[in-house]
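Q: A predicted structure for the sequence below; I have some questions about it.
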Amino acid sequence: MTDERPQVELNVHGGDARLPAKCASESQVMLSQQMMPSDANPLGNVHGGYVMKLVDEAGALAAMRHARRPVVTVAMDSITFLSPVRVGHVIMLHSAVNWVGKSSIEVGVRVEAENPITGEITHTNSAYAVFVALDDAGKPCTVPPLILETDQDRRRWDEAEARQQLRLTRAKKK
């Protein structure tokens, strides 16, 4: 008996073709944490540096889930704070792989803050971070290709590829 299901061509990009390709949905991460007074400045806003640390952690977790290897941060694009995160609010970080190169992975991180009393959710900032996967000797190693399942995945890939070209252009100028 033959398999009569239609064959679907996978939209696979980047990475090492010898490794099994993975979907961005397989490595998504969501971190949530209530902000406490120890996280804040005298105005009651959470320190921007603390938010950046959480962005780095959420991004690294998504990159590690994709690569199944340890990763290190090599770049973080600018972060603009659209609104403050207040003490008592719950910060929620959503991270997903946007693009993969030979050993590098770009992850997008969206940060939101929820007032747990009112339920109001505010987009506070977004960031793009690039990580490099490491082998057992601590050297860069190849990562799996990325399967682009949706139009949103393809849009994120195209935008991330343009950002990567800008990063490479800036690096050459130095």
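A: It's in. Because the structure is a prediction, the values reported are computed rather than measured. Numbering: from 1, shown residues only.
Q: Now do the buried residues in the biggest helix by length in the chain.
A: Looking across the chain with DSSP state H, the single longest helix is helix 151-173. Neighbour counts over helix 151-173 (16 or more other Cβ atoms under 10 Å) mark 153, 156-157, 160-161, 163-164, 167 as buried. Any C-beta I mention is one placed from the backbone N, CA and C, and that applies to glycine too.
Q: and what of stretch 112-124?
A: In terms of neighbour count (16+ other Cβ under 10 Å), stretch 112-124 has its buried residues at 112-114, 124.
Q: likewise stretch 76-86?
A: For stretch 76-86, the buried set under the neighbour-count rule, 16+ other Cβ under 10 Å, comprises 76, 79, 84-86.
Q: confidence score at the residue lying closest to Leu146 once chain neighbours are set aside?
A: Distances taken as Cβ to Cβ, 6 or more residues apart in numbering put Val100 closest to Leu146, at 4.8 Å, once the chain neighbours are dropped. Reported pLDDT at Val100 in the predicted model: 98.
Q: Contacts only, for Val100.
A: Neighbouring residues of Val100 by Cβ atoms under 8 Å, 6 or more residues apart in numbering: 13-15, 66, 106, 143-146.
Q: Among those residues, which lie within helices?
A: His66.
Q: where does the chain have low pLDDT?
A: 1-10 (pLDDT under 70).
Q: which residue ranges form the helices in this protein?
A: Under the criterion DSSP H, helices of the chain are mapped to 48-67, 151-173.
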